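> turn this into a structure:
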Amino acid sequence: MIGIVLGSAAGIAALAAAVPLAYRRLRQRRVARALAIDTPAGIAEGRYIRIGGIDQWIQIRGVDRANPILLILAGSGLPMEPFTTALQAWEQHFTVVLWDRRDVGRTRGRNGKAGSDTWTFGQLADDGIEVVEWVRRHLHQDKVILIGHSQGSIVGVTIARRRPDLLHAYVGTGQIADMARNEHLTHQLALDRARTAGNRRAVKALERHAPPYRDARTWITKLRWSMATDPDMRAWQRSAPAAVLFWPEYSLADVYRGAFGALFLPPRLFAETMSCTPETLGTRFETPFLILHGDADLHTLPSLAEQYLAAVDAPAKEFVRLPDTGHTSMLTRPDQFLTELLTRVRPLATA
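As a prediction, this is how the structure comes out:
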């Protein structure tokens with residue numbers, strides 16, 4: 001998700017500067033009306049809850065709170081909340097929970113960077129387990145379905161390994177698997193695209209920032225140009241600014257934090273991301289393990305995710321390639337993604 005920010009932060013800033021505040025409020029009211037949930041058993045809540053010793057933000061939405069709970073763990077980058085509209089159809093079948101982790105959105109806005117040098121994916125997974133337990137109590141259900149996207153998939157896999165008793169299933173998308181191989185291959189693919197397009201700036205930047213990356217800044221530079229040469233991601237980055245700017249629940253300060261805050265990647269989270277392998281993620285799980293992966297994902301390669309799943313031992317497992325979709329298939333093709341969830345995942349929660 002960092003790459004989304006890299007391409008869209010400037011667009012958000014430009015749009016915010018150009019749009020009159022009265023027009024922004026009008027658009028916010030329209031979005032709010034379109035998203036209103038008025039069913040008797042529906043739920044539409046946003047709140048801070050005490051997790052890991054700090055206040056952390058969650059959003060809970062669905063037309064029937066008895067539906068299976070679907071907790072989405074986004075990658076480092078824009079928080080998921082402004083993209084609720086893209087997932088609105090999911091709320092007919094699931095109670096969708098979005099969580100701003102320590103490094104994301106409102107949670108980071110409230111608590112700042114304090115202690116960020118010591119943050120680890122293990123700590124984020126501990127937080128996630130607390131979130132799952134809180135949501136289960138709040139909605140009076142035993143288990144949840146967990147979706148992990150991009151760096152969120154590291155958190156999700158860790159939760160699935162530690163607490164399978166809390167989950168109906170784990171679903172990875174943009175699944176991180178073997179980062180050393182992934183970064184070598186995706187860097188070369190990005191360089192090839194830049195050369196083919198005659199993009200000299202991209203070629204120069206990518207040649208200067210080749211793996212292994214010495215720090216988060218060099219990796220973020222690679223991501224910037226990798227995603228700038230990906231047509232699917234460029235199209236997504238053009239639509240993202242409006243979603244953030246016109247999200248009804250966001251102040252302009254929230255917009256700013258959402259656009260630029262994610263460019264900060266704490267050092268230990270960066271190091272753990274770069275060292276990620278099937279062995280560090282784990283290969284033995286006691287919950288169903290599925291990966292729904294865009295077959296045109298140029299940033300977390302589907303071939304590596306498929307190889308990882310082949311090594312996984314789980315009660316049930318399945319790898320599904322989503323045709324003609326990329327790294328953000330969950331948001332760019334939500335109907336296609338939902339079809340797979342209803343066919344392959346929801347039955348695991350209702351059996």
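
> quick one: the strands in the stretch 251-351 of the chain?
For the stretch 251-351 of the chain, the strands defined by DSSP state E, counting those that start in this stretch cover 289-294, 317-322.

> ranges for the helices of the stretch 201-350 of the chain?
Along the stretch 201-350 of the chain, counting by DSSP state H, counting those that start in this stretch, helices occupy 216-228, 231-245, 252-260, 267-274, 278-281, 302-311, 329-332, 334-340, 346-350.

> okay, the second one in CSV with CA atoms only?
Pointing back at helix 231-245 there. What follows is helix 231-245 as a C-alpha-only set of coordinates in CSV (Å, rounded to 0.1, in the frame of the first residue of the first chain):
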residue,chain,number,x,y,z
PRO,A,231,-0.7,0.8,-15.9
ASP,A,232,-3.0,-0.9,-13.4
MET,A,233,-1.5,0.9,-10.4
ARG,A,234,-1.4,4.3,-12.2
ALA,A,235,-5.1,4.0,-12.9
TRP,A,236,-5.8,3.2,-9.3
GLN,A,237,-3.7,6.2,-8.1
ARG,A,238,-5.7,8.5,-10.2
SER,A,239,-8.9,7.5,-8.5
ALA,A,240,-7.6,7.3,-4.9
PRO,A,241,-7.2,11.1,-4.1
ALA,A,242,-11.0,11.8,-4.4
ALA,A,243,-11.9,8.8,-2.2
VAL,A,244,-9.6,10.2,0.6
LEU,A,245,-10.5,13.8,0.2
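
> pLDDT of it, averaged?
If you average the pLDDT over helix 231-245, you get 86.

> how far out from the middle of the chain is it?
Here the centre of helix 231-245 is set off from its chain's centre by 15 Å, with C-alpha atoms, centre = their mean, to the nearest Å.

> in it, what counts as buried?
In terms of neighbour count (16 or more other C-beta atoms under 10 Å), helix 231-245 has its buried residues at 232-233, 236-237, 240-245. Any C-beta I mention is one placed from the backbone N, CA and C, and that applies to glycine too.

> make CSV from those and add distance to Ala296 to it.
Below are the buried residues of helix 231-245 laid out as CSV (distance: C-beta to C-beta, whole Å):
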residue, distance to Ala296
Asp232, 6
Met233, 10
Trp236, 12
Gln237, 16
Ala240, 18
Pro241, 23
Ala242, 24
Ala243, 22
Val244, 24
Leu245, 28
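
> now the two most distant members of these.
The largest separation in these, counting by C-beta to C-beta, is between Asp232 and Leu245 at 22.1 Å.

> what's the domain layout of this protein?
2-178+237-345, 179-229 (automatic domain parsing).

> can you name the residues that contact the nearest residue to Gly326 once chain neighbours are set aside?
Distances taken as C-beta to C-beta, 6 or more residues apart in numbering place Asp232 nearest to Gly326, at 3.7 Å, with adjacent residues excluded. By C-beta atoms under 8 Å, 6 or more residues apart in numbering, the contact list for Asp232 reads 296, 298, 325-328, 332.
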